[in-house]
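Asker: Okay, sequence plus prediction incoming.
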Amino acid sequence: MCLDVEINASGANGQQLVSSGQAEFTALGSASDVMLAAANSKNLTAVATYGNTPPFSIFANEKIKSLKDLEGGSLGYFINLTPIASAMLDAADVDVSKVELIKMTNYDPTVVTRGQVDAIVGYASNQPESLRAQGLPFTEFFPSDVGVEGTYNVMEVNSEFLADNREVAADFMRASLHALQFCLDSADECLDVLAQLADDNGQGSVFSRDQLERTWNVESQWVKDSNSGLPGTQTVADWKAEYELVKQFGNVDNLPAITDMMDETLVADLYADGELIWPGP
């Protein structure tokens, strides 16, 4: 696509970089992450949503047989207790005032199996898969278990950049979606590339090929299971259920309309007859 792209992997908050104009694109875990940021910034636009499966789960010590069992116990979380997790607890009739909420600083999932914390809100494709690979016993609860709906993975762009450089933004997304399709079609080759990149940058121990494969096996299925069938395409309807959850559990006063937070056509226009137009029209 003749794009000269610098990847900034050092920023602690990609949304802040994009909102301030220091970067143009960033990826987020779900639409609720976009909505919480949009409540405080008007310079972010979602251009792609990759699935209709919430990426979160609550994984727990094996003694926890139901979410209700967390009453009198402890629940860890990273950054914030996500609206999806709050909705899960509410749907399971958990009295959150009886649960000790602990902000986690350690991503080691074995703190759950060792009993240091009873459960953690984590990514279903990551920490629980690591425990499963180690053969450690634990219990896992998914949003779908209690009828909670959501989204998986959203790409955001700086709104001003999108308005001024729509064709460039489209080319960036076209390249990104082409790479995604390559990984969906050729998982082993894709994982080899990713593992080598991690190793070349001194992060091979953190992003081992085994862990990358476990994560990809889960997340690629979320992409394949997307309601649209076309990776990245999004509609207001895709976000509605999660929007209602954020209004109820997100602790935000002024939540913008969904149409103010997303662009429904940028990615949709990159497809024709169910196939990504490559390399371009």
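Answerer: Good, I have the coordinates.
Asker: contacts, neighbours, all on C-alpha from now
Answerer: Noted.
Asker: now the protein, which segments are flagged as low pLDDT?
Answerer: Counting by pLDDT under 70, the chain contains low-confidence residues at 10-12.
Asker: need the helices for it, in chain order.
Answerer: Taking DSSP state H, the helices of the chain run over residues 14-19, 31-38, 83-91, 110-113, 127-133, 159-164, 166-185, 187-200, 209-224, 236-249, 258-261.
Asker: Quick one: the ones you listed as TSV, columns for mean neighbour count too.
Answerer: Below are the helices of the chain laid out as TSV (neighbours: other C-alpha atoms under 10 Å):
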stretch	mean neighbour count
helix 14-19	21
helix 31-38	23
helix 83-91	21
helix 110-113	19
helix 127-133	18
helix 159-164	17
helix 166-185	17
helix 187-200	15
helix 209-224	18
helix 236-249	17
helix 258-261	17
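Asker: just so I know, which of the ones you listed lies nearest Ile58?
Answerer: In terms of C-alpha to C-alpha, the element of these nearest to Ile58 is helix 83-91, at 7.5 Å.
Asker: who does the closest one touch, helix- and strand-wise?
Answerer: Under the contact criterion of 3 or more C-alpha pairs under 8 Å, 6 or more residues apart in numbering; DSSP states H and E, helix 83-91 touches strand 56-60, helix 236-249.
Asker: what distance separates it from the middle of the whole chain?
Answerer: Chain-centre distance of helix 83-91: 16 Å, with C-alpha atoms, centre = their mean, to the nearest Å.
Asker: Which residue ranges of the stretch 1-150 of the chain form strands?
Answerer: Secondary structure of the stretch 1-150 of the chain (DSSP state E, counting those that start in this stretch): strands at 25-28, 44-51, 56-60, 74-77, 100-103, 119-123, 139-141.
Asker: same for the longest one, what does it pack against?
Answerer: The reference is to strand 44-51. If contacts are counted by 3+ C-alpha pairs under 8 Å, 6+ apart, strand 44-51 sits against helix 14-19, helix 31-38, strand 152-158, helix 209-224, helix 258-261.
Asker: ok, and what's touching the first one?
Answerer: I take that to be helix 14-19. 11, 23-27, 37, 41-44, 157-158 (C-alpha atoms under 8 Å, 6 or more residues apart in numbering).
Asker: how about 7 Å then?
Answerer: Helix 14-19 is contacted by residues 23-26, 41, 43-44, 157-158 when judged by C-alpha atoms under 7 Å, 6 or more residues apart in numbering.
Asker: Dump the helices and strands packed on strand 44-51 to a markdown table, plus distance to Glu100.
Answerer: Output for those, formatted as a markdown table (distance: least, C-alpha to C-alpha, whole Å):
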| stretch | distance to Glu100 |
| --- | --- |
| helix 14-19 | 29 |
| helix 31-38 | 23 |
| strand 152-158 | 27 |
| helix 209-224 | 29 |
| helix 258-261 | 33 |
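Asker: Produce a ChimeraX select command limited to the buried residues of the contacts of helix 14-19.
Answerer: The buried residues among these can be selected in ChimeraX (16 or more other C-alpha atoms under 10 Å) with this line:
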select :23,24,25,26,43,44,157,158
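Asker: which one of the contacts of helix 14-19 is nearest Thr105?
Answerer: Thr26 (22.8 Å).
Asker: if I look at that closest one, how far off is Glu100?
Answerer: Plainly put, Thr26 is 32 Å away from Glu100 if you go by C-alpha to C-alpha, to the nearest Å.
Asker: Also Ser159?
Answerer: 39 Å.
Asker: number of nearby residues for Val5?
Answerer: Using other C-alpha atoms under 10 Å, Val5 has 8 other residues around it.
Asker: and Ile258, what does it touch?
Answerer: Val236.
Asker: Now tabulate the helices of the chain in a markdown table and tack on distance to Glu275.
Answerer: Shown next, in a markdown table, are those (distance: least, C-alpha to C-alpha, whole Å):
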| stretch | distance to Glu275 |
| --- | --- |
| helix 14-19 | 29 |
| helix 31-38 | 24 |
| helix 83-91 | 32 |
| helix 110-113 | 42 |
| helix 127-133 | 32 |
| helix 159-164 | 23 |
| helix 166-185 | 10 |
| helix 187-200 | 19 |
| helix 209-224 | 14 |
| helix 236-249 | 20 |
| helix 258-261 | 25 |
